[in-house]
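S.K.: no sequence on hand, only this structure:
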């Protein structure tokens, strides 16, 4: 493309006040906040359908009854990895969330539903946390192109209705952003994007907001930033585009090692990983039917830690330098016949109209596919695990069964309410791998969501929101990424819209 000497395009194909990159929760809220502040907004989304990884989420939003308590809790969970002013802004936003979402719901037929009370971890301030979600509505089935946890789809429908209700927001789907355009004096003044194979230049008179998530599906970035290998993903869309664009203009990075995930399943014939289902078929039944063992047939973890879908992967990441191996990648789940009958073991979360899978209620279809291995006794199960002998595996299961029946202390601190004996043949075995639901790393931002450069100075007219440089740097606040998308999206949208046009 022809350009002036200062690097600007010879012509702009589209002009707007604020460009939002990405149309998940963070992008949608950023757009609504900017539009309600009087700006003309253009959302560009690389996927053919909106929703991103947000549409697959559980849909819970964490709130705070008291800002100071929330701030104290966030300080403890971030362990000094995130500045206090950034955490304070998040804590303040958490106190405003319920009223904000109530206003969004007015545009829709949905209602709110109380969901949780208190923090996941027993840190000071956790008692002051609360939460809610969008209640199920009879007749609403979600989005045909997304199969997730339903709650996220309902919440995204609320946000989508609000975006569509605002005439000063336009949405360009199947339009990946490629490169930020930087003016030597004004800062970020637009971006180059691609649509139907053609490059287009979009001018932002006020600012650009990167709300395009993380790098779950970028194998090179995962190899560079994660210790564990491999780590499989649930979602095809997030490939670190916003992170790389921010790096191109000198942004500093943080929290790149930290991802929200667990252990789950991956099979060559299916392109994405599966979450494990971490409770039984009834809402009040939290029994987990399996134990996890390493390649030597020994347990090594609490299979149900306090935030199983956040830190469940961490025990698998251990690297044995003496043996030069990851002895827990893959690890192996062992359970019995009554565990198989408890309910589906795997759960697909897919945002792709061309990819679909329905896990069977009784797991028998997956046994037939060979995804779940079946055997009449533990000797045969042990033979399926590399480097495991039958005596070791049987001793591991016997110790587990004794803990279950006695109600005594488990060496890995798994609580009694989640335990189930493994004693009813046939027995079952599944490979499990580290699974990333979403990454937390990306460009550093300040409390006003300005993207910061390597000199700790804001990059002019550039903002971020949500998981593209999340504030969570150590432990995750359950329902916190959605909360963060909403809180930071509001801040970024309002601040971008408040700038003078260049």
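M.R.: Looks like it came in fine. It should be emphasised that the depicted structure is a prediction, and the values quoted were computed from it without experimental measurement.
S.K.: SS state for the residue lying closest to residue 500 once chain neighbours are set aside?
M.R.: Nearest residue to residue 500, sequence neighbours excluded (Cβ to Cβ, 6 or more residues apart in numbering): residue 206, at 7.6 Å. Every residue, glycine included, has its C-beta placed from N, CA and C. Of the three states, residue 206 takes strand under DSSP: H, G, I helix; E, B strand; the rest coil.
S.K.: thought residue 499 was touching residue 206, still the case?
M.R.: Yes. With contact defined as Cβ atoms under 8 Å, residue 206 reaches residue 499; the gap is 4.4 Å.
S.K.: hey, what's the closest residue to residue 135 other than its chain neighbours bridged with?
M.R.: Nearest in space to residue 135, with sequence neighbours left out and distances taken as Cβ to Cβ, 6+ apart, is residue 113 at 3.7 Å. Beta bridges link residue 113 to residue 133, judged by DSSP bridges.
S.K.: how near is residue 113 to residue 155?
M.R.: The gap separating residue 113 from residue 155 is 11 Å, by Cβ to Cβ, to the nearest Å.
S.K.: who touches both of those two?
M.R.: 133, 134 (Cβ atoms under 8 Å, 6 or more residues apart in numbering).
S.K.: ok, those two, which is more surrounded?
M.R.: The neighbour comparison of residue 113 against residue 155 (other Cβ atoms under 10 Å) goes to residue 155, with 28 against 14.
S.K.: Validate this expectation: that one resides in a strand.
M.R.: No. Per three-state DSSP, residue 155 lies outside any strand segment and is helix.
S.K.: for it, what are its contacts?
M.R.: 25, 54, 57, 59, 61, 133, 134, 482.
S.K.: in CSV: the residues you listed, plus pLDDT and neighbour count.
M.R.: Converted to CSV, these look like this (pLDDT from 0 to 100; neighbours: other Cβ atoms under 10 Å):
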residue, pLDDT, neighbour count
25, 98, 32
54, 94, 30
57, 89, 26
59, 92, 25
61, 95, 29
133, 94, 22
134, 95, 28
482, 95, 28
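S.K.: ok, residues contacting stretch 414-421?
M.R.: Applying Cβ under 8 Å, 6+ apart, the contact partners of stretch 414-421 are 286-289, 302-304, 335-336, 338-339, 342, 400-401, 403-405, 407, 410.
S.K.: coming back round to it: closest to residue 371 among the contacts of residue 155?
M.R.: Using Cβ to Cβ, residue 57 comes nearest to residue 371 of these, at 24.6 Å.
S.K.: mind listing what the closest one touches?
M.R.: Taking Cβ under 8 Å, 6+ apart, one finds 25, 148, 149, 151, 152, 155, 481, 482 in contact with residue 57.
S.K.: just the ones of those residues in helices?
M.R.: If you go by DSSP state H, these have 25, 151, 152, 155, 481, 482 in helices.
S.K.: where along the stretch 1-150 of the chain do the helices fall?
M.R.: For the stretch 1-150 of the chain, applying DSSP state H, counting those that start in this stretch gives helices covering 25-36, 67-78, 84-105.
S.K.: nearest to residue 352, of those helices?
M.R.: Nearest of the helices of the stretch 1-150 of the chain to residue 352, taken as Cβ to Cβ: helix 25-36 at 18.6 Å.
S.K.: packing partners of the closest one?
M.R.: strand 14-21, strand 41-44, helix 151-165, strand 169-172, strand 198-210, helix 480-498 (3 or more Cβ pairs under 8 Å, 6 or more residues apart in numbering; DSSP states H and E).
S.K.: which one of these lies closest to residue 74?
M.R.: Nearest of these (Cβ to Cβ): helix 480-498, 8.8 Å.
S.K.: so how many other residues sit close to the spatially closest residue to residue 148 that is not a sequence neighbour?
M.R.: Leaving out its chain neighbours, the residue that sits closest to residue 148 by Cβ to Cβ, 6+ apart is residue 56, at 3.1 Å. By the measure other Cβ under 10 Å, the count of residues near residue 56 is 28.
S.K.: if we can go back for a sec, show me the contacts for the residue nearest to residue 135.
M.R.: Neighbouring residues of residue 113 by Cβ under 8 Å, 6+ apart: 132, 133, 134, 135, 136.
S.K.: where does the stretch 1-150 of the chain dip in pLDDT?
M.R.: Flagging of the stretch 1-150 of the chain using pLDDT under 70 yields the residue ranges 1-6.
S.K.: okay, domains of the chain per the record?
M.R.: 14-258+440-498, 260-436 (automatic domain parsing).
S.K.: in TSV: those, plus distance to residue 8.
M.R.: As requested, these are exported to TSV (distance: least, Cβ to Cβ, whole Å):
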stretch	distance to residue 8
domain 14-258+440-498	7
domain 260-436	35
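S.K.: could you say which of the ones you listed is packed most deeply?
M.R.: Highest mean neighbour count among these (mean count of other Cβ atoms under 10 Å): domain 14-258+440-498, with a mean of 21.
S.K.: residue 189: which element?
M.R.: Here residue 189, judged by DSSP states H and E, is contained in strand 187-195.
S.K.: give me the helices and strands touching that strand, please.
M.R.: Applying 3+ Cβ pairs under 8 Å, 6+ apart, we find strand 187-195 packed against strand 14-21, strand 177-183, strand 198-210, strand 458-464.
S.K.: out of those strands, nearest to residue 244?
M.R.: Going by Cβ to Cβ, the one of the helices and strands packed on strand 187-195 nearest residue 244 is strand 177-183, 9.2 Å.
S.K.: any idea of the angle the closest one forms with strand 198-210?
M.R.: 70 degrees (axes from the mean of the first three to the mean of the last three Cα atoms, to 10 degrees).
S.K.: please renumber the chain so that the first residue is 7 from this point on.
M.R.: Taking 7 as the first residue, the last one we looked at is strand 183-189.
S.K.: strand 183-189 pairs with which strands?
M.R.: Strand 183-189 has the following sheet partners, assigned by DSSP bridges: strand 193-201 (antiparallel).
S.K.: so the partner strand versus strand 464-470, what angle?
M.R.: 40 degrees.
S.K.: tilt between strand 193-201 and strand 20-27?
M.R.: Between strand 193-201 and strand 20-27, the angle formed by their directions is 90 degrees, by the same axes, to 10 degrees.
S.K.: wait, residue 148 sits on residue 166?
M.R.: No. Residue 148 lies out of contact with residue 166 (Cβ under 8 Å); the separation is 11.6 Å.
S.K.: the residue nearest to residue 154 contacts residue 152, correct?
M.R.: Yes. With contact defined as Cβ under 8 Å, residue 62 reaches residue 152; the gap is 6.2 Å.
S.K.: list the residues that contact both of those two?
M.R.: Common neighbours of residue 62 and residue 152 (criterion: Cβ under 8 Å, 6+ apart): 159, 356, 357.
S.K.: for the last one, which non-adjacent residue is closest in space?
M.R.: If you skip the residues right next to it in sequence, residue 357 has residue 152 as its closest partner in space, 4.7 Å away by Cβ to Cβ, 6+ apart.
S.K.: tell me the SS of the residue nearest the centre of the chain?
M.R.: The centre of the chain sits closest to residue 444, judged by Cα atoms, centre = their mean, with a distance of 3.2 Å. The three-state label given to residue 444 by three-state DSSP is strand.
S.K.: repeat for residue 435
M.R.: Under the three-state scheme (three-state DSSP), residue 435 adopts strand.
S.K.: could you measure it against residue 322, distance?
M.R.: Between residue 435 and residue 322 the computed distance is 16 Å (Cβ to Cβ).
S.K.: same question, residue 70
M.R.: Residue 70 sits 32 Å away from residue 322, going by Cβ to Cβ.
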